[in-house]
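# What shape does this take:
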Amino acid sequence: MAQIVIASRLGDGRVVFLAEGSKSGAVEWAALIGDSAVAADDAAATELLSIAEADAAARHLIVDPYLIDVEGDGEGLLPTKYREVIRCLGPTIRMDLGKQAEGAEV
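Numbering: from 1, shown residues only. This next block holds a predicted model:
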């Protein structure tokens, strides 16, 4: 199962993803799941989480990084758990807030 790192950005509370190409010392956080660094195995997932945790401790831009399972649907990545689908889009009771208000898809 493929995995990515998800976290919350401290400046505005938005959900962000460890961006593709991130490595120790050069970490980027993406607003869209499609821009995530994807780990294909447990060793790669552990490495991505380690990079995210070190960045959280050093720069204090994000909080609570953790791994989630994702799968490709031919058009992009989708979280496998409904809880993470909701986190990726924003509030479900106010469609005028979050990423769905901006026309973004998971």
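
# Helices of this protein, start to end?
Ranges of helices within the chain are 42-59, 82-89, 98-101, based on DSSP state H.

# Ok, which of those comes nearest G74?
Of all the helices of the chain, it is helix 82-89 that lies closest to G74, at 16.9 Å by Cβ to Cβ. Placement of C-beta: from N, CA and C, glycine included.

# average pLDDT across that closest one?
In this model, helix 82-89 carries a mean pLDDT of 85.

# Which secondary structure elements does that helix sit against?
Under the contact criterion of 3 or more Cβ pairs under 8 Å, 6 or more residues apart in numbering; DSSP states H and E, helix 82-89 touches strand 2-9, strand 77-79, helix 98-101.

# That helix versus strand 2-9: what angle between them?
50 degrees (axes from the mean of the first three to the mean of the last three Cα atoms, to 10 degrees).

# need the contact list for the spatially most central residue of the chain.
Centroid check for the chain by Cα atoms, centre = their mean gives F17 as the closest residue, at 2.5 Å. By Cβ atoms under 8 Å, 6 or more residues apart in numbering, the contact list for F17 reads 4-7, 29-33, 35-37.
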